[in-house]
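Colleague: okay, here's the prediction I keep looking at, along with the sequence it came from:
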Amino acid sequence: NKTMDRRVALSIVALCLISLQLCVATRFMRRDEAMNTAFNCKGAEYLDPIPPHNPTHSLFPLPQNVTHGTTTLTLDHSFQFLPVSQNLILISAIQRYRQLIFANATIKGNSQFKSLKIQVTSLVAPLQLGVDESYELTIGLDSQAFLIAKTVYGAMHGLETFSQLVHRSSTDTFSIPFAPWTIHDSPRFPHRGLTLDTSRHFMPLSTIRSMIDTMSYNKLNVLHLHLTDAQSFPVQIPSHPQLSAKGAYSPSQTYSNSDLVSLVSYATYRGVRVIPEFDAPGHTAAWGEGYPSITVCRDKTRQQGYCAENPCGILDPTQNLTFEVLSAVYNTMENLFLDEYFHFGGDEIPLNCWTDTPHVAAWMKSRGFNAEQTLQYFIHTARTTNRGPVPKKGIYWQEIYTNRVPVPSDTVFQVWSDFDSLATISNAGYKTILSNYNGWYLDCGFGNWCPYCSWVEVFLNEPFTGGKITKEGEKNVLGGEVAIWSELVDERNVMQRVWPRASSAAERLWSAQKERDVGQHFARLLNQKCSMANRGVMTSPLIPGSDEGCIYIQEYFCSYFR
C-alpha cells in the first residue's frame, strides 16, 4: 500500500509539472504572439528622433480624423504662438508648451513658418463634465498654421498635439514632417480619469502635480483623489481637527485647505478636473482615531470577516456625532473643490459590523431596520444633514446600487467589478464610470489580490465588451478611470507604476472604438513613453534600450524576444 501511495504521489507530481510546463509555454507563446503583432521584425526602425515610417505614430492618443502629406516644414527662428484672444489659462498653456517644445533653445532656421494662430470661441467655459474639448489643427504647405477650439481646454489638447508633430534636430532646427496636416479631434468619452489613493501611502503635493502634468500629456481630464481610507485621514478639517491630528500618519503628512485649493487651481490650468473622495461608511477606521465614538468594529479583523482589509472600522449610524463630522467634512471640501461632482465612496461595506455590534443591532431593531435598510438610512442622512444650499452631485461605488439604496437620478456609479455590472447599472438608466480591477487596476500583480494588467490588457479593455449593454445603456457610460491603490505604492514608485500603462487607457477612452490594433498602438505608445521620459516623467520601460534620445531599435527588440 505504501508503494502504491508513493506511485500515486509521484504521478500527481509529474502531472503537476507537465501542467506547469504547458502553462509557462502557453504564456510565452502568447507573449511572443503579442510582441510579433506589435512589431514588423524586418530590419531596424528608429521611432525618434527620426520620424517613424507611419507619421501618425507620433500622435497620442490617436486623433479622430487625420490627414497628412509628405513635405517637411522648418520653423522660422522667430516662431510664435499667436492667440486671437486670451485669458490666464490660455497664456499659461502657451508658455508651458513653448518650454516643452523648445526647452530654452535658440531656434535656428529661416522660413515662412513663423507662427501658430490660436482661436478660442469661449474663454469662460467652466471645466466641468461635458466641457467641449474638441479642436482643429491645420498646417498648410504655405506654412500657415491654425489651431481652432471652442474652449481653452480644447486648445490645450491642440497644443499637445502640435508639440507631438514638432521634431528637433541636433542643431536646434525645429521642423514638422509630413505636412500638410489636417486634424479634427475630440474625445470619445467625456470622463477620462485616474484614481489616486493618498491614504494607504501619503502622496506629497509635488508627486500629485507631476501626475497631473503627465495626465495632461495624455489628454486624461479627471483626477479622482481617494483621500481617506482605513489606514489614514490626511486631510485637515478645521472644525474637527482631531480627524487628521490623530488619523494622519504624521503632522507633515496632511493636506491643508490651502494645499487643496492650490492643487485644484494647478489642475484646472492643465485641463484636469479634481474630484475628492471620502469613502464611507466603510474603510473608516482612521476616522475613529480622532473620534472613537463614531466608528464600530475597530477591534475586529479581516480574518474574522469584518472588513476587506485591516484595520477594520465602519461609521456608527446611531450617533449624531457621526453625521456632524460627515457634514463638516462634506461642507468643507465642497467649498474647496470646484467640480460639480463629489465622490462619497460606499464600497466594500461590512454590514455584519452593524448587525454584530449590540448597541447598533438594538437601534436597528427599534426602528425595524435590516442591514440594507440601515445602509439606506445612513446614505440618506449623510447626504442631507446640515448640507449647504447647492450640494454636489454624487458619485458612489457600485455597492450602493447593488444594496438598492435610493439615490438621486443624477448619481454616477463607479464600477470596479466587471462588464456585466457596468451593463446592468447603465441599462438601468444611471451614469457610470468603468474601473474594472482586471483591466484598469494598475496596482494589481504586486500583491496576491488580483493579477497584473499589462499595457496590452489596459489598451484592449473596451467598456462596451460582452454585448449585454444596450445602445441606450452605452449612452450612460461617461468613460473610465484607471486606479492606483497605494498599499504597495508610495511617492518613490507611483509614477513608474502608473506610466506608461495609463497611457494605453487614455487612448482607449479618447480614440475611436474601432482602434484596436495592438501593433499600431504599441508604436504610438513607444513614442509617447519617449516623449514623457524627455519631459522628465519617471516611467517604466517597455522594451530594452536607452532613453538617451529615445532611440529604440526594432531589429534588436525582435531578436531579443526570439
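Modeller: It's in.
Colleague: need the residues that contact the one helix or strand residue 117 maps to.
Modeller: Here residue 117, judged by DSSP states H and E, is contained in strand 113-122. With contact meaning CB atoms under 8 Å, 6 or more residues apart in numbering, strand 113-122 is reached by 73-76, 78-86, 90, 94, 143-152, 154-155, 158-159, 162, 176. Quick note: C-beta positions are derived from backbone N, CA and C, even for glycine.
Colleague: now list the buried members of these.
Modeller: With burial judged by 16 or more other CB atoms under 10 Å, the buried subset of the contacts of strand 113-122 is 73-76, 79, 81, 83, 86, 90, 94, 143, 145-152, 154-155, 158-159, 162, 176.
Colleague: from the residues you listed, which ones fall inside strands?
Modeller: 73-76, 79, 81, 83, 145-151, 176 (DSSP state E).
Colleague: quick check, nearest of those residues to residue 56?
Modeller: Closest approach between these and residue 56, by CB to CB: residue 176, at 13.6 Å.
Colleague: now stretch 297-309: average pLDDT?
Modeller: The average pLDDT within stretch 297-309 is 96.
Colleague: how about stretch 253-266?
Modeller: Average pLDDT, stretch 253-266: 98.
Colleague: buried residues in that stretch?
Modeller: By 16+ other CB under 10 Å, the buried positions in stretch 253-266 come out as 254-255, 259-260, 263-264, 266.
Colleague: and residue 339, how far from residue 275?
Modeller: Distance, residue 339 to residue 275, by CB to CB, to the nearest Å: 5 Å.
Colleague: over to residue 244?
Modeller: Taking CB to CB as the criterion, residue 244 is separated from residue 275 by 20 Å.
Colleague: equivalent analysis for residue 395, please.
Modeller: Applying CB to CB to residue 395 and residue 275 gives a distance of 7 Å.
Colleague: mind listing the shared neighbours of those two?
Modeller: In contact with both residue 395 and residue 275: 341-343, using CB under 8 Å, 6+ apart.
Colleague: can you redo the residues you listed as TSV with distance to residue 482, pLDDT and secondary structure?
Modeller: Shown next, in TSV, are the shared contacts of residue 395 and residue 275 (distance: CB to CB, whole Å; pLDDT from 0 to 100; DSSP: H, G, I helix; E, B strand; the rest coil):
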residue	distance to residue 482	pLDDT	secondary structure
341	18	98	strand
342	21	97	strand
343	16	98	strand
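Colleague: pick the one among those closest to residue 309.
Modeller: Taking CB to CB as the measure, residue 309 lies nearest residue 343 of the shared contacts of residue 395 and residue 275, at 18.6 Å.
Colleague: just say helix, strand or coil for the residue nearest to that closest one when sequence neighbours are not counted.
Modeller: Closest residue to residue 343 apart from its sequence neighbours, by CB to CB, 6 or more residues apart in numbering: residue 277 at 3.5 Å. The three-state label given to residue 277 by DSSP: H, G, I helix; E, B strand; the rest coil is strand.
Colleague: beta partners of residue 277?
Modeller: Here residue 277 sits in beta bridges with residue 226, residue 343, as judged by DSSP bridges.
Colleague: for the stretch 251-400 of the chain, just list every one of the strands.
Modeller: All strands of the stretch 251-400 of the chain, identified by DSSP state E, counting those that start in this stretch, fall at 273-278, 295-296, 314-315, 341-343, 393-397.
Colleague: and among those, the most buried is which?
Modeller: Counting by mean count of other CB atoms under 10 Å, strand 314-315 has the highest mean neighbour count of these, with a mean of 28.
Colleague: reformat the shared contacts of residue 395 and residue 275 as CSV; add distance to residue 135.
Modeller: As requested, those are exported to CSV (distance: CB to CB, whole Å):
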residue, distance to residue 135
341, 24
342, 29
343, 29
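Colleague: residue 402: how many residues sit nearby?
Modeller: Residue 402: 14 surrounding residues under other CB atoms under 10 Å.
Colleague: hmm, the residue nearest to residue 343 is touching residue 346, no?
Modeller: No - applying CB atoms under 8 Å, one finds residue 277 not in contact with residue 346, separated by 9.7 Å.
Colleague: low-confidence stretches in the stretch 51-200 of the chain?
Modeller: Along the stretch 51-200 of the chain, the model assigns pLDDT under 70 to residues 51-53.
Colleague: check the stretch 451-562 of the chain too.
Modeller: Low-confidence segments of the stretch 451-562 of the chain, defined by pLDDT under 70: 545-562.
Colleague: just the strands in it please.
Modeller: For the stretch 451-562 of the chain, the strands defined by DSSP E, counting those that start in this stretch cover 477-484.
Colleague: the strand holding residue 117 pairs with which strands, parallel or anti?
Modeller: Taking DSSP bridges as the criterion, strand 113-122 forms sheet pairs with strand 71-83 (parallel), strand 145-151 (parallel).
Colleague: the ones you listed into a markdown table, with extra columns for distance to residue 289?
Modeller: A markdown table is the format used below for the strands paired with strand 113-122 (distance: least, CB to CB, whole Å):
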| stretch | distance to residue 289 |
| --- | --- |
| strand 71-83 | 50 |
| strand 145-151 | 43 |
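Colleague: of all the ones you listed, which one is nearest residue 237?
Modeller: Between the strands paired with strand 113-122, strand 145-151 lies closest to residue 237; by CB to CB that is 33.8 Å.
Colleague: and stretch 302-309, which residues are buried?
Modeller: Buried residues in stretch 302-309, defined by neighbour count with 16+ other CB under 10 Å: 306-307, 309.
Colleague: actually, stretch 288-300.
Modeller: For stretch 288-300, by 16+ other CB under 10 Å, it's 288-291, 294-298, 300.
Colleague: repeat that for stretch 501-513.
Modeller: Buried residues in stretch 501-513 (16+ other CB under 10 Å): 501-511.
Colleague: ok, residues contacting it?
Modeller: 60-64, 187-189, 192, 194, 215, 218-220, 440, 442, 453-456, 458-462, 464, 479-480, 482, 515, 521, 524-525, 528-529, 532, 540.
Colleague: what do you get if the cut-off is 6 Å, keeping everything else the same?
Modeller: Residues from elsewhere that reach stretch 501-513 (CB atoms under 6 Å, 6 or more residues apart in numbering): 61-62, 187-189, 192, 218-220, 440, 442, 455, 458-459, 479-480, 482, 525, 528.
Colleague: can you give me the offset of that stretch from its chain's centre?
Modeller: 11 Å (CA atoms, centre = their mean, to the nearest Å).
Colleague: try stretch 334-354
Modeller: That offset, for stretch 334-354, works out to 18 Å (CA atoms, centre = their mean).
Colleague: how long is it end to end?
Modeller: Taking CA to CA, to the nearest Å as the measure, stretch 334-354 stretches 29 Å from start to finish.
Colleague: list the buried residues in it.
Modeller: Buried residues in stretch 334-354, counted by 16+ other CB under 10 Å: 334, 336-339, 341-347, 349-354.
Colleague: hang on, residue 127 packs against residue 267?
Modeller: No - with contact defined as CB atoms under 6 Å, residue 127 does not count as touching residue 267 (8.6 Å).
Colleague: all helices of the stretch 401-550 of the chain, in order?
Modeller: Counting by DSSP state H, counting those that start in this stretch, the stretch 401-550 of the chain has helices at residues 419-427, 437-440, 455-459, 471-475, 494-498, 501-510, 518-534.
Colleague: figure out which of these is closest to residue 231.
Modeller: Nearest of those to residue 231, taken as CB to CB: helix 494-498 at 15.7 Å.
Colleague: centre of the chain to the closest one, how far?
Modeller: On CA atoms, centre = their mean, the centre of helix 494-498 falls 11 Å from the chain's centre.
Colleague: also stretch 98-105?
Modeller: Centroid displacement of stretch 98-105 relative to its chain, using CA atoms, centre = their mean, is 27 Å.
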